[in-house]
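1. no sequence for this one, just the structure:
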């Protein structure tokens, strides 16, 4: 088992203690996935991605208590942020949710929705870390490479195509953002789509930084500056490789279009 970053362990120990105290006999499993499970945690950047297994759907009152637990954690530990879902054992491995009434915590808010996709299950099965419950490798579900490919192909056609369109439509307004806000957009977009690219090529999952480093070895050199820019942002490195934010955003949009075009014509 990977050794958890000290600050992650502190947050989780307090969260689990609070959960057992305020919602006793409810939490039966707790698994880490995402960058921590992929051994790619970046201080002040990565989240604590989790899957929590509860033994029943929580009532409205219990959901309020759960929200209070998360609020208490955030008030003491603003970073790293927790990001995850609450489900039951029978839900593990499902590629489609039965309904949209699953509690999930993201961006400091506890909400209801669905949280089922092949990427999550692949990371859990292959790399997941058990804090509570059986080891992920013995959990009763299977996930195949084809599931990953099908999910990514659909994701490229919907989410990523739509994201590019939204960026282009909002470009004038986005250029009024602070450099730090634009950094977030570039890192998320460039490294995010490169994770899709990697999955289609290798039929596996990789971290954001790993996807960027992989791309530098496989994508034409004309795109290396924007890839390196995203990697540097993720790492907290400043290089001033571009003359302006407008130039950075223009290159980002053109790069996203290139990757989608390449994936649709060469990898699908």
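-> That came in fine, so what should we check first? Everything quoted here is computed from the prediction, not taken from an experiment.
2. contacts, neighbours, all on C-alpha from now
-> Noted.
3. ranges for the strands of the stretch 1-150 of the chain?
-> Remark: strands assigned in the stretch 1-150 of the chain by DSSP state E, counting those that start in this stretch are 27-32, 48-54, 82-87, 102-106, 109-113, 129-132.
4. Please name every helix or strand in contact with the shortest one.
-> Think strand 129-132. On a contact count with 3 or more C-alpha pairs under 8 Å, 6 or more residues apart in numbering; DSSP states H and E, strand 129-132 meets strand 27-32.
5. Quick one: the helices in the protein, in order.
-> Ranges of helices within the chain are 6-22, 34-37, 60-76, 118-127, 145-155, 161-169, 171-174, 179-202, 208-218, 224-235, 245-262, based on DSSP state H.
6. sorry, back to before: which one of the strands of the stretch 1-150 of the chain lies closest to residue 227?
-> strand 48-54 (24.2 Å; C-alpha to C-alpha).
7. Quick check: end-to-end length of stretch 74-85?
-> 17 Å (C-alpha to C-alpha, to the nearest Å).
8. got a list of contacts for that stretch?
-> Residues from elsewhere that reach stretch 74-85, judged by C-alpha atoms under 8 Å, 6 or more residues apart in numbering: 7-8, 11, 43-52, 102-108, 115.
9. let's go with 7 Å and repeat that
-> Residues from elsewhere that reach stretch 74-85 (C-alpha atoms under 7 Å, 6 or more residues apart in numbering): 8, 11, 44, 46-52, 103-106, 115.
10. just checking, which of the helices of the chain sits deepest inside the structure?
-> Of the helices of the chain, the one with the most neighbours on average (mean count of other C-alpha atoms under 10 Å) is helix 34-37, at a mean of 24.
11. what mean pLDDT would you report for it?
-> In this model, helix 34-37 carries a mean pLDDT of 92.
12. Just give the closest residue to the residue nearest to the spatial centre of the chain, not the sequence neighbours.
-> Computing the C-alpha centroid of the chain and ranking residues by C-alpha atoms, centre = their mean puts residue 34 first, at 5.9 Å. Using C-alpha to C-alpha, 6 or more residues apart in numbering and skipping the chain neighbours, the partner closest in space to residue 34 is residue 49 (5.4 Å).
13. ok, residue 221 to residue 139 distance?
-> 42 Å.
14. If you could redo that for residue 186, that was the one I meant.
-> In terms of C-alpha to C-alpha, residue 186 sits 36 Å off from residue 139.
15. Check residue 82 too.
-> Applying C-alpha to C-alpha, the value for residue 82 to residue 139 is 23 Å.
16. Ok, residue 215 next?
-> Taking C-alpha to C-alpha, one finds residue 215 at 33 Å from residue 139.
17. Also residue 201?
-> Distance from residue 201 to residue 139, by C-alpha to C-alpha: 27 Å.
18. who wins for neighbours among the contacts of stretch 74-85?
-> Of all those, the highest neighbour tally under other C-alpha atoms under 10 Å goes to residue 50, namely 26 neighbours.
19. so that one bridges to which residues?
-> On the basis of DSSP bridges, residue 50 takes part in beta bridges with residue 32, residue 84.
20. Do I have it right that it meets residue 32?
-> Yes: here residue 50 reaches residue 32: they are 4.5 Å apart, a contact under C-alpha atoms under 7 Å.
21. before we move on, back to that, neighbour count winner among residue 82 and residue 139?
-> Taking other C-alpha under 10 Å, residue 82 and residue 139 do not tie; residue 82 has more neighbours (23 against 14).
22. before we move on, back to that, in JSON lines: the helices of the chain, plus distance to residue 92.
-> Shown next, in JSON lines, are the helices of the chain (distance: least, C-alpha to C-alpha, whole Å):
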{"stretch": "helix 6-22", "distance to residue 92": "20"}
{"stretch": "helix 34-37", "distance to residue 92": "16"}
{"stretch": "helix 60-76", "distance to residue 92": "21"}
{"stretch": "helix 118-127", "distance to residue 92": "8"}
{"stretch": "helix 145-155", "distance to residue 92": "15"}
{"stretch": "helix 161-169", "distance to residue 92": "29"}
{"stretch": "helix 171-174", "distance to residue 92": "39"}
{"stretch": "helix 179-202", "distance to residue 92": "22"}
{"stretch": "helix 208-218", "distance to residue 92": "24"}
{"stretch": "helix 224-235", "distance to residue 92": "31"}
{"stretch": "helix 245-262", "distance to residue 92": "30"}
